[in-house]
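Student: Please find the sequence and the predicted model below.
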Amino acid sequence: MPLPPINAVCTSCKHDFTAVPIRSFLGLQKLICPACSTEVIYPLTSGYRTFYWIVFAVMCLTVFSELTQGNLGYPGGLGFAVIIALYKDWSVRNRIWKLTGNDKPNNAALICSIVAVIAAYAAAIAVPQFMAYRARANTPSIESQLLIGANNVNRKTPQMIDADTRIDGAVAGPGLSFTYLYTFPNIASTAVAQGAFDSKVAPNYRKSLCSSSEAQVFFANAVTVHYVYRGSDGGQIGTVTLTAKDCAAQ
């Protein structure tokens with residue numbers, strides 16, 4: 001549909017004329033000055049300008065939504081075209097206003113739009129970081145989780161796990177360590193020769209414990225696990241200590 005004739009002023013020779021414009025690629029109005037043959041660019045029509053502002057608003061909301069979900073949000077080809085069209089429209093209106101005193105551009109709207117885009121990007125970057133901080137703040141520390149785990153074990157112990165072994169409890173800490181306490185109720189600590197547990201029994205226990213899913217959870221959090229074994233008289237028979245490095249060597 002052809003555009004209606006408009007009254008224009010040549011930005012080159014300042015000649016007043018009336019002509020029928022054609023649209024540029026971005027929708028701006030183009031005319032040819034009859035006096036000097038200079039191409040004169042006039043602003044968007046109100047319909048085009050309104051459409052571009054609606055697209056701009058939707059684009060801002062879409063980009064903001066993408067960024068808050070942790071995705072990189074970009075305006076895309078259409079978005080950049082809209083931004084360029086609105087800027088060119090403002091620039092042309094500003095030039096025409098200085099030349100004729102008519103159609104003063106709304107600088108406040110442009111400034112507000114720029115501020116809105118900057119604020120949207122800033123908020124979209126800050127919100128995920130804030131949510132991540134909140135998540136970290138609400139997540140118990142490893143030490144706290146170890147303490148909870150020890151309390152859970154202690155509520156169910158002492159308990160026989162087989163005919164010769166009883167689990168008496170657990171101790172969290174110090175730091176990233178967790179200790180299980182076991183007793184052999186049928187064997188006194190004095191009945192086990194010194195060093196025999198470490199050389200003969202511990203290697204078999206270590207191999208079995210390293211393959212357990214429970215140990216893998218500890219290792220994933222850099223926790224050192226101690227298994228302390230005592231005799232029926234309360235004396236210590238031996239200790240098996242496991243780290244991720246120890247089990248990797250198995």
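Tutor: Nice, thanks for sending it over.

Student: Contacts only, for Val240.
Tutor: By C-beta atoms under 8 Å, 6 or more residues apart in numbering, Val240 lies in contact with 202, 205-206, 209, 226-227, 229. For the C-beta atoms, the positions are set from N, CA and C on the backbone; glycine is no exception.

Student: all strands of the protein, in order?
Tutor: Taking DSSP state E as the test, the strands found in the chain are 6-9, 16-19, 22-23, 29-32, 39-42, 159-162, 165-172, 177-184, 224-231, 236-242.

Student: got a winner among the contacts of Val240 for most neighbours?
Tutor: Greatest neighbour count in these, by other C-beta atoms under 10 Å, goes to Tyr229: 22 neighbours.

Student: Would you map out the domains in this structure?
Tutor: Domains of the chain are assigned by automatic domain parsing as 1-42, 44-138, 142-248.

Student: quick one on the thing from earlier: and the contacts of Val240, which is closest to Pro2?
Tutor: Leu209 (85.4 Å; C-beta to C-beta).

Student: give the contact list for that closest one.
Tutor: Here Leu209 is in contact with 215, 225, 227, 240, 242 (C-beta under 8 Å, 6+ apart).

Student: Which two of those residues have the greatest separation?
Tutor: Put simply, by C-beta to C-beta the two of the contacts of Leu209 set farthest apart are Ala215 and Val240, 10.8 Å from each other.

Student: Could you list the low-confidence segments of this protein?
Tutor: 1, 66-75, 102-139, 249-250 (pLDDT under 70).

Student: can you give me the helices for it?
Tutor: Applying DSSP state H to the chain gives helices spanning 46-68, 76-100, 107-138, 142-155, 196, 202-210, 213-220, 244-248.

Student: Could I get the contacting residues of Pro43?
Tutor: Pro43 makes contact with 28-29, 49, 89, 92-93, 96, 103, according to C-beta under 8 Å, 6+ apart.

Student: From Asn221, how far out is Ser46?
Tutor: Look at Ser46 and Asn221: by C-beta to C-beta, to the nearest Å, they are 63 Å apart.

Student: Looking at the two now, which is surrounded by more residues?
Tutor: A direct count of neighbours by other C-beta under 10 Å for Ser46 and Asn221 places Asn221 higher, at 12 against 8.

Student: Is the more buried one in contact with Glu143, as I believe?
Tutor: No. Between Asn221 and Glu143 there is no contact under C-beta atoms under 8 Å: 10.1 Å.

Student: any common contacting residues for these two?
Tutor: Leu176.

Student: Could you check how many residues crowd around the residue nearest to Leu146 when sequence neighbours are not counted?
Tutor: Leaving aside its sequence neighbours, Leu146 sits nearest to Ala172 (C-beta to C-beta, 6 or more residues apart in numbering; 4.0 Å). Look at Ala172: counted by other C-beta under 10 Å, it has 22 neighbours.

Student: again with Ala191
Tutor: Ala191 has 13 neighbouring residues, counting by other C-beta under 10 Å.

Student: For it, which non-adjacent residue is closest in space?
Tutor: Ranked by C-beta to C-beta, 6+ apart and with sequence neighbours excluded, the top spatial neighbour of Ala191 is Gly231, at 7.0 Å.

Student: Next up, the contacts around the one you found.
Tutor: Taking C-beta under 8 Å, 6+ apart as the criterion, Gly231 is in contact with 183-184, 187-192, 237.

Student: Now with 6 Å, please.
Tutor: Neighbouring residues of Gly231 by C-beta atoms under 6 Å, 6 or more residues apart in numbering: 184, 187-189, 237.

Student: most surrounded residue in the residues you listed?
Tutor: Going by other C-beta under 10 Å, Ile237 tops these with 23 neighbours.

Student: Let me know whether that residue touches Tyr229 as I believe.
Tutor: Yes. Counting by C-beta atoms under 6 Å, Tyr229 is a contact partner of Ile237 at 4.7 Å.
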